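Q: quick one, what's the 3D model for this:
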Amino acid sequence: MGLVECVWMLSHSAEPPPSREIQRIPPDGTVEIIFHLGDPFEQLTGRRARRQPAGMIVGVWTRSMELLAPASFDTVGIRLRPGAASAFWAEPLTAFSDSVVDAGALWGRSADALRDRLAETPGAKDRIAIIEAFLCARSSHDRRALDGPLSRITASRGGAPIDQVAREAGISHRQLERAFNVHVGVSPKMFSRIVRFQHALRYTPRTAGAWVDVALRCGYADQSHLIRDFTQFAGETPTALAASTEAVAGYFRRR
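A: Residues are numbered from 1 along each chain as shown. Purely as a prediction, here's the structure:
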């Protein structure tokens, strides 16, 4: 359906178990609906680790999410397109920003029923059909009002001036801010920063050491500006991230 960017599935059951090193998941500007069909991941807050809910809504994050993988897992994620989550909940999306919300608190027993059906259905194609039917039955809003600004920011790789984006949409800067808070969960400026950071991520495996060039190519004022964003969004410097072999974090990075 048009509101979904992708459905991803991640599982592990063989020996040896995955590394218990901290997996840092950088933000990508989207809201995800995630179901742990096996053991859930542990999420770190400071030095404290807590098991994630079996079904959860992950809002737009403005920093990296730190996870510990269990010995075995079977996880299904539904990545919604930026701005699409308001089709499923009446609350402003800022209510979900930088947080994980139990899906049962929003959808009640139907969230548990969906998780159970997914767990009983091994095939990817059948799982996607179940997810599509579930979401289609709950989609109630039209989010196309932000399609233009979101597309403009994404096409410019986060470089379009926000005032210009608002003018092209025929609204004021303040109106654009309100719309983003309701339908995206972060301000247009923050969303632009995340888009630019995600664009820079594409270069990290191939250009380690050439960070000045990466910064200029991706619209940063200078190398220190790029490093600040990487430190906030990825939890580490560009050089450290490029050298990382974290399997789970690599899976979540936008391709």
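
Q: go ahead and confirm V7 touches L80.
A: No - applying CB atoms under 8 Å, one finds V7 not in contact with L80, separated by 10.5 Å. Any C-beta I mention is one placed from the backbone N, CA and C, and that applies to glycine too.

Q: more crowded one of these two?
A: L80 (21 against 15; other CB atoms under 10 Å).

Q: pull up the gap between that one and W8, please.
A: Between L80 and W8 the distance is 12 Å, computed by CB to CB, to the nearest Å.

Q: before we move on, what about A129?
A: 16 Å.

Q: between these two, who's got more neighbours?
A: Using other CB under 10 Å, the more surrounded residue of A129 and W8 is W8, with 15 against 12.

Q: and the pLDDT for G123?
A: The confidence metric pLDDT takes the value 92 at G123.

Q: please apply the same query to W211.
A: 86.

Q: ramachandran coordinates for it?
A: The phi/psi pair for W211 (degrees, to the nearest 10) reads phi -70, psi -30.

Q: that one reaches S224, doesn't it?
A: No - using CB under 8 Å, W211 is not in contact with S224; the gap is 9.7 Å.

Q: just say helix, strand or coil for S140.
A: Classification of S140 by DSSP: H, G, I helix; E, B strand; the rest coil places it in coil.

Q: what's around it, how many residues?
A: S140 has 10 neighbouring residues, counting by other CB under 10 Å.

Q: pretty sure it contacts F88?
A: Yes - using CB under 8 Å, S140 is in contact with F88, at 7.5 Å.

Q: mind listing the helices for this structure?
A: 103-107, 109-120, 124-138, 147-155, 162-169, 173-183, 188-201, 211-217, 223-234, 238-243, 247-252 (DSSP state H).

Q: nearest to S13, out of the ones you listed?
A: Across those, S13 has its closest neighbour in helix 109-120 (13.7 Å, CB to CB).

Q: output the closest one as CSV, restricted to C-alpha atoms.
A: Provided in CSV are the C-alpha atoms of helix 109-120 (Å, rounded to 0.1, in the frame of the first residue of the first chain):
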residue,chain,number,x,y,z
ARG,A,109,-6.0,-7.0,21.6
SER,A,110,-5.9,-6.6,17.8
ALA,A,111,-2.2,-5.9,18.0
ASP,A,112,-1.6,-9.2,19.9
ALA,A,113,-3.8,-11.0,17.4
LEU,A,114,-1.7,-9.6,14.5
ARG,A,115,1.5,-10.7,16.1
ASP,A,116,0.1,-14.2,16.7
ARG,A,117,-1.0,-14.5,13.1
LEU,A,118,2.4,-13.4,11.9
ALA,A,119,4.1,-15.9,14.2
GLU,A,120,1.9,-18.7,12.8
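
Q: what's the angle between it and helix 124-138?
A: 170 degrees (axes from the mean of the first three to the mean of the last three CA atoms, to 10 degrees).

Q: could you tell me how many residues sit around the residue lying closest to G235 once chain neighbours are set aside?
A: With sequence-adjacent residues excluded and distances taken as CB to CB, 6 or more residues apart in numbering, G235 is closest to S64, at 3.9 Å. When neighbours are defined as other CB under 10 Å, S64 has 21 of them.

Q: which stretches of this structure have low pLDDT?
A: Counting by pLDDT under 70, the chain has low-confidence residues at 1, 14-19, 141-145, 204-209, 244-255.

Q: domain parsing for it?
A: Residue ranges for each domain of the chain read 4-138, 144-252, as given by automatic domain parsing.
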